[in-house]
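# any chance you could fold what I've pasted below:
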Amino acid sequence: MDNVKILYDDELKTYIMDEINSKIDGAIWNGVYFFKGRNNYPEGTYVYSENEKYHIVSIEKGKIIEKIEYESLVDILWDVLEVVSFPISTKYATENFDKRFDYRRKLFENQIDLYSRFGENFKNKKIKEIKKILEKNPYLDNEEYDVRHSGH
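Numbers count the residues shown, from 1 in each chain. Below is the predicted model:
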């Protein structure tokens with residue numbers, strides 16, 4: 001890892017939580033654990049470092065459903081940000097939902113805002129990710145909704 005010191009245990013937890021909490025008010029940490037997850041552990045996302053690498057393990061219904069290994073602190077920060085920011089974006093989209101437009105417009109708008117707080121690289125990566133989603137599943141706006149349901 002090019003002589004970059006790997007962060008372990010509380011150092012890793014402190015770094016990730018400080019980075020995210022300093023940029024996002026109300027980050028949701030429920031279900032994020034900073035130790036090695038195993039089968040039969042509670043559902044959630046487990047973040048840890050081992051053997052000079054960073055790891056995320058996702059557990060659902062007591063089973064490991066995904067394991068990802070990282071060499072970069074930036075990469076694991078990105079994925080933890082995905083976990084803790086999505087509930088914020090969902091809440092924002094729900095509270096600002098306009099029935100004439102695809103719900104994801106507000107969701108993605110908020111995600112871009114949150115990721116931009118971590119710099120241009122994070123913002124551009126999120127925009128690229130959203131564009132890829134929209135290529136396969138374009139927005140489905142319902143602009144006629146207002147006219148049909150407004151009583152006019």
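
# from Tyr48, how far out is the nearest residue to Tyr15 once chain neighbours are set aside?
What sits nearest to Tyr15 in space, not counting adjacent residues and going by C-beta to C-beta, 6 or more residues apart in numbering, is Leu7, at 5.5 Å. Where you see a C-beta, it was placed from the backbone N, CA and C, and this is true even at glycine. Taking C-beta to C-beta, to the nearest Å as the criterion, Leu7 is separated from Tyr48 by 10 Å.

# out of the two, which sits in the busier spot?
Tyr48 (19 against 16; other C-beta atoms under 10 Å).

# dump the residue contacts of the more buried one.
With contact set as C-beta atoms under 8 Å, 6 or more residues apart in numbering, Tyr48 has these partners: 9, 12, 34-37, 54-55, 57.

# tell me which element it is part of?
Under DSSP states H and E, the secondary-structure element containing Tyr48 is strand 44-50.

# helices or strands up against whatever helix or strand comes next after that strand?
Heading C-terminal from strand 44-50, the first helix or strand you meet, by DSSP H and E, is strand 53-60. For strand 53-60, the elements it packs on are strand 44-50, strand 63-70, helix 73-95, judged by 3 or more C-beta pairs under 8 Å, 6 or more residues apart in numbering; DSSP states H and E.

# again, only using 10 Å
Packing contacts for strand 53-60, counted by 3 or more C-beta pairs under 10 Å, 6 or more residues apart in numbering; DSSP states H and E, involve strand 32-33, strand 44-50, strand 63-70, helix 73-95.
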